[in-house]
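In: The sequence and its predicted three-dimensional model are supplied below.
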Amino acid sequence: MALFHVARYSGPEAAGAEAEVDGRARALLERLQCRARERQLQKQPPQQAPEEAAQSAPAAGKRRRRPRRNRRREGGREPGSTPAPPNKRQKTDDEDEDEGAESGEEKPAESSVGAEAAGSPEGRGGPPPEEASRPLTHSLVLGGFGRSKVPKVQPFLPVWLAQPSCVGKNVTEGLVPIEDIPAVHPDLQKKLRAQGISSYFPVQAAVIPALLESTANGFLVSRGGYRPSDLCVSAPTGSGKTLAFVIPVVQALLHRAVCQVRALVVLPTKELAQQVSKVFNVYTDATPLRVALITGQKSLAKEQESLVQKTADGFRCLADIMVATPGRLVDHVDQTPGFSLQHLRFLIIDEADRMIDSMHQSWLPRVVAAAFPSEGPKDPCALLQRTQPRVVTAASMCCPQMPLQKLLFSATLTQNPEKLQQLGLYQPRLFSTGSAYRAPSNPGIDVDGDSGGKYTFPVGLTHHYVPCSLRFKPLVVLHLILEMNFSRVLCFTNSRENSHRLFLLVQAFGGVTVAEFSSRYGPGQRKSILKQFEQGKIQLLISTDATARGIDVQGVQLVVNYDAPQYLRTYVHRVGRTARAGKSGQAFTLLLKVQERRFLHMLEEGGVPGMERHDTPSELLQPLVPRYEEALSVLEKAVKEERKQKAA
Ligand SMILES: Nc1ncnc2c1ncn2[C@@H]1O[C@H](COP(=O)(O)OP(=O)(O)OP(=O)(O)O)[C@@H](O)[C@H]1O
């Protein structure tokens with residue numbers, strides 16, 4: 001820190017006091033310099049190994065929090081001190097918090113800058129408050145004492161992210177009749193009509209032609225031998241993203257000669273994979289194309305049988321399109337003899353932001369390595385031979401090879417370039433219904449690591465919040481369900497224990513057909529529960545976030561967040577189980593007093609349109625109370641019983 005001591009001439013009348021003040025200033029300056037040296041030494045331990053430095057970074061971050069508390073205590077409250085105006089001070093504190101919450105490697109660097117600029121006076125090597133407040137009439141110390149605001153770092157996005165191809169978000173407007181995209185195969189058009197689909201939704205109208213163009217010359221080489229761009233698609237829940245990739249993939253593979261795994265769809269859950277494979281089955285029906293579902297629902301051996309067949313001269317592939325969860329996919333890459341991804345043309349990553357989060361399982365590098373094997377005998381047919389794509393040169397272009405095109409889909413696609421970089425996208429193109437990236441004013445809000453801008457919601461969805469107390473939360477849920485009398489209500493909790501207890505309580509209360517969906521049940525049971533819910537046999541399904549993403553159950557009219565979701569992305573997916581495909585739906589979130597401010601701010605930041613407050617006056621709840629009290633005692637007994645059984 002630079003400190004300057006400027007002595008000023010103040011006239012003969014001040015000559016007496018000058019010596020005293022000068023001495024005091026000099027002493028103060030010495031103390032400051034001494035503290036600054038000490039701090040410098042603490043900050044930079046000599047010859048610290050890089051690993052140590054990396055490990056010590058979070059600890060340093062923790063240490064920094066303490067001075068902030070001191071600052072709050074000291075700043076402005078000490079008698080005689082010169083505080084900043086209260087609102088301004090508050091704002092600076094919030095900003096520090098934001099910096100602390102920001103993820104990634106920039107965090108320590110940014111935080112330390114923040115600490116320098118806004119730390120406690122002591123922490124900065126400044127004077128203690130009482131000294132700082134004394135007027136220094138003849139000395140002026142320049143530099144470092146002002147609460148200078150650290151300039152915000154503006155995100156610099158690559159052009160493809162900053163300027164996406166815009167897609168209409170309203171699926172009831174801008175529909176494109178099926179016949180207006182003649183590039184889609186007549187057989188597929190027929191199947192679409194047979195499914196009751198007469199027009200493409202906006203995202204389909206944008207993505208299907210783009211994908212068909214990249215496969216216009218067949219799936220082996222793209223137009224002119226060039227490698228096609230990878231596509232990223234960000235569109236609201238229920239806007240028809242599944243068909244946006246199913247139709248072009250099926251069409252590209254329709255005329256394949258030999259069965260090989262050419263399209264691979266990776267999804268985060270078994271239920272979602274099952275749902276997507278069902279859609280593929282519809283559109284590959286009466287074609288030679290085969291779809292394999294690889295999720296671990298069947299034994300590994302059974303799945304192997306559906307993927308490869310041993311023949312006299314090697315192995316025969318049995319699937320053209322594979323729909324898989326990442327764990328089981330890697331099992332097959334490692335353990336299934338004859339399993340090959342060397343002919344993979346499309347890698348579709350659905351719920352891409354969630355899949356990026358699961359990259360620690362390193363499923364993607366394994367898939368890419370399997371698609372571009374570096375060892376083994378070379379295929380004599382040059383067109384089918386592949387090497388990992390590198391820099392495009394004249395030489396690399398002379399021998400065209402089958403590209404591997406990555407297609408990413410999500411309602412909450414990350415706009416964080418660092419996260420997307422992990423996917424190794426090639427000249428990506430983004431189709432988005434959202435507004436361009438807008439850094440939130442409080443990045444600490446969306447602490448799931450993706451603080452990128454706003455999301456778009458289905459137009460037919462209305463958002464409500466219900467202030468309530470912890471004690472009456474279940475009663476409020478019951479009141480909502482009984483009051484609204486919807487036939488399909490999906491209620492989310494934050495844990496399987498909460499789901500189970502609420503299920504037991506509602507069951508004991510009676511009057512509602514209820515079921516729970518969580519990891520307490522096996523895949524078979526979960527499948528059957530979802531089916532019953534879809535058939536309308538279950539009125540209220542209480543679920544963990546296992547059904548929050550992608551699950552497409554027709555006719556869900558109401559989503560209740562019994563436990564408020566912690567992250568905006570979770571909220572987007574949960575409430576997206578209703579108001580799908582242009583229908584209307586309602587979302588209610590129960591909020592405790594302490595949650596209200598943060599939650600409403602999070603939603604405002606995320607671009608949730610018009611959150612309405614829905615009060616449930618106690619007069620309305622009162623008639624339900626006696627039954628509720630009874631149900632509570634039944635729940636208590638049931639929980640005790642379960643504990644006993646567990647212990648036994
Ligand atoms: N063009 C269309 N016309 C009518 N209905 C359609 C059309 N396209 C898709 N649908 C229906 O819309 C519903 C939602 O589609 P889909 O599951 O693909 O949405 P999504 O965008 O993937 O949603 P999420 O982000 O929640 O996974 C499905 O029931 C599907 O059958």
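Out: Structure received. Numbering: from 1, shown residues only.

In: Count the neighbours of the nearest residue to Leu300 once chain neighbours are set aside for me.
Out: Leaving aside its chain neighbours, Leu300 sits nearest to Asp331 (6.2 Å; criterion: CB to CB, 6 or more residues apart in numbering). Yep, even glycine has a C-beta here, placed from its N, CA and C like the rest. Number of residues near Asp331 (other CB atoms under 10 Å) recorded here: 17.

In: Do I have it right that Asp331 meets Ala301?
Out: No. Asp331 is beyond contact range of Ala301, at 11.4 Å (criterion: CB atoms under 8 Å).

In: picking that back up, and the residue nearest to Leu300, that one's in a helix?
Out: Yes. Assessed with DSSP: H, G, I helix; E, B strand; the rest coil, Asp331 lies in a helix.

In: buried sites along stretch 313-322?
Out: 317-322 (16 or more other CB atoms under 10 Å).

In: can you give me how far it is from the chain middle?
Out: 35 Å (CA atoms, centre = their mean, to the nearest Å).

In: quick one: average pLDDT of it?
Out: Mean pLDDT, computed over stretch 313-322, is 94.

In: how about the residues of this protein that lie near the ligand?
Out: If contact is defined as CB under 6 Å from any ligand atom, the residues of the chain in contact with the ligand are 197, 199-201, 204, 235, 237-243, 411, 550, 552, 576, 580-581.

In: Quick check: pLDDT value at the residue nearest to Leu300.
Out: Asp331 is given a pLDDT of 95.

In: Okay, it and Val308: tell me how far apart.
Out: According to CB to CB, to the nearest Å, Asp331 stands 14 Å off from Val308.

In: now Val608
Out: Per CB to CB, Val608 is found 48 Å from Val308.

In: can you check Ala27 too?
Out: 84 Å.

In: higher neighbour count, these two?
Out: Legend: neighbour count by other CB under 10 Å for Ala27 and Val308, higher for Val308 (21 against 11).

In: who's in contact with the more buried one?
Out: 315-318, 336-339 (CB atoms under 8 Å, 6 or more residues apart in numbering).

In: same thing with Lys583?
Out: Lys583 neighbours (CB under 8 Å, 6+ apart): 238, 460.

In: Not counting its neighbours along the chain, what's nearest Gln557?
Out: In space, Gln557 is closest to Phe486, 4.3 Å off (CB to CB, 6+ apart).

In: I'd assumed Gly555 was in contact with the one you found.
Out: No. Assessed by CB under 8 Å, Phe486 is found out of contact with Gly555, at 9.1 Å.

In: and these two? which has more neighbours close in?
Out: Phe486 (18 against 14).

In: Name the SS class of that one, please.
Out: Phe486 - assigned by three-state DSSP - is coil.

In: Pull out the buried positions in stretch 24-43.
Out: Counting neighbours by 16+ other CB under 10 Å, the buried set in stretch 24-43 is 25, 28-29, 32, 35-36, 39.

In: Low-confidence stretches in the protein?
Out: Within the chain, the stretches with pLDDT under 70 are 1-22, 43-148, 152-155, 219-225, 374-385, 387, 389-400, 434-453.

In: Can you name the residues that contact the closest residue to the ligand within the stretch 501-648 of the chain?
Out: Closest to the ligand within the stretch 501-648 of the chain is Ala581: 3.3 Å, counting by CB to the nearest ligand atom. Taking CB under 8 Å, 6+ apart as the contact definition, Ala581 lies against 171, 201, 238-240.

In: For it, pull up the helix or strand it's in.
Out: Here Ala581 is covered by no helix or strand, with elements defined by DSSP states H and E.

In: Also the one 5 residues further on?
Out: Assignment of secondary structure by DSSP H and E places Gln586 within strand 585-591.

In: secondary structure class for Pro337?
Out: Per three-state DSSP, the secondary structure class of Pro337 is coil.

In: residues touching it, list them.
Out: Counting by CB under 8 Å, 6+ apart, Pro337 touches 308, 310, 315.

In: Could I get the full set of strands for the stretch 301-450 of the chain?
Out: 308-311, 314-317, 321-324, 346-350, 405-410, 429-432 (DSSP state E, counting those that start in this stretch).

In: Could you list every helix and strand in contact with the fifth one?
Out: Using 3 or more CB pairs under 8 Å, 6 or more residues apart in numbering; DSSP states H and E as the contact criterion, the neighbours of strand 405-410 among helices and strands are strand 231-234, helix 241-253, strand 346-350, helix 352-357.

In: Restricting the selection to alpha carbons, write that strand to PDB.
Out: Presented in PDB, the C-alpha positions along strand 405-410 are these (Å, rounded to 0.1, in the frame of the first residue of the first chain):
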ATOM      1  CA  GLN A 405     -21.700 -34.300 -33.400                       C
ATOM      2  CA  LYS A 406     -22.600 -33.300 -29.900                       C
ATOM      3  CA  LEU A 407     -26.100 -32.100 -29.200                       C
ATOM      4  CA  LEU A 408     -26.900 -30.500 -25.800                       C
ATOM      5  CA  PHE A 409     -30.400 -29.900 -24.600                       C
ATOM      6  CA  SER A 410     -31.700 -28.400 -21.400                       C
END
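
In: Quick check: buried residues in it?
Out: Neighbour counts using 16+ other CB under 10 Å place 405-410 of strand 405-410 among the buried residues.

In: rewinding a little: looking at the buried residues of stretch 313-322, which is nearest the ligand?
Out: The closest of those, once distances to the ligand are taken by CB to the nearest ligand atom, is Ile321, at 16.2 Å.

In: The closest one touches Val291, doesn't it?
Out: Yes. In terms of CB under 8 Å, Ile321 counts as a neighbour of Val291; the distance is 4.7 Å.

In: and for the two, which residues touch both?
Out: 280, 284.

In: ok, back up a step: after the strand holding Gln586, next one along is what?
Out: Taking DSSP H and E, what comes next after strand 585-591 is helix 593-605.

In: Flag every buried residue along that following helix.
Out: Per 16+ other CB under 10 Å, helix 593-605 contains these buried residues: 595, 599-600, 602-603, 605.

In: Burial check on the nearest residue to Val333 once chain neighbours are set aside, number of neighbours?
Out: Spatial nearest neighbour of Val333, excluding adjacent residues (CB to CB, 6+ apart): Ala370 at 5.0 Å. Using other CB under 10 Å, Ala370 has 20 other residues around it.

In: quick one: Ala370 and the ligand, what's the gap?
Out: Here Ala370 is placed at a distance of 27 Å from the ligand (CB to the nearest ligand atom, to the nearest Å).

In: which residues of the stretch 101-250 of the chain fall in helices?
Out: For the stretch 101-250 of the chain, applying DSSP state H, counting those that start in this stretch gives helices covering 106-118, 129-133, 159-162, 186-194, 202-214, 241-253.

In: what's in contact with the last one?
Out: Counting by CB under 8 Å, 6+ apart, helix 241-253 makes contact with 184-185, 188, 192, 197, 201, 203-204, 207-208, 211-212, 215, 218-219, 233, 235, 262-263, 265, 275-276, 279-280, 283-284, 287, 289, 320-321, 345-346, 348, 350, 407, 409, 411, 552, all of which sit outside it.

In: repeat that for 6 Å
Out: Residues outside helix 241-253 that contact it (CB atoms under 6 Å, 6 or more residues apart in numbering) are 185, 188, 203-204, 207-208, 211-212, 215, 219, 235, 262-263, 279-280, 283-284, 289, 320, 346, 348, 407, 409.
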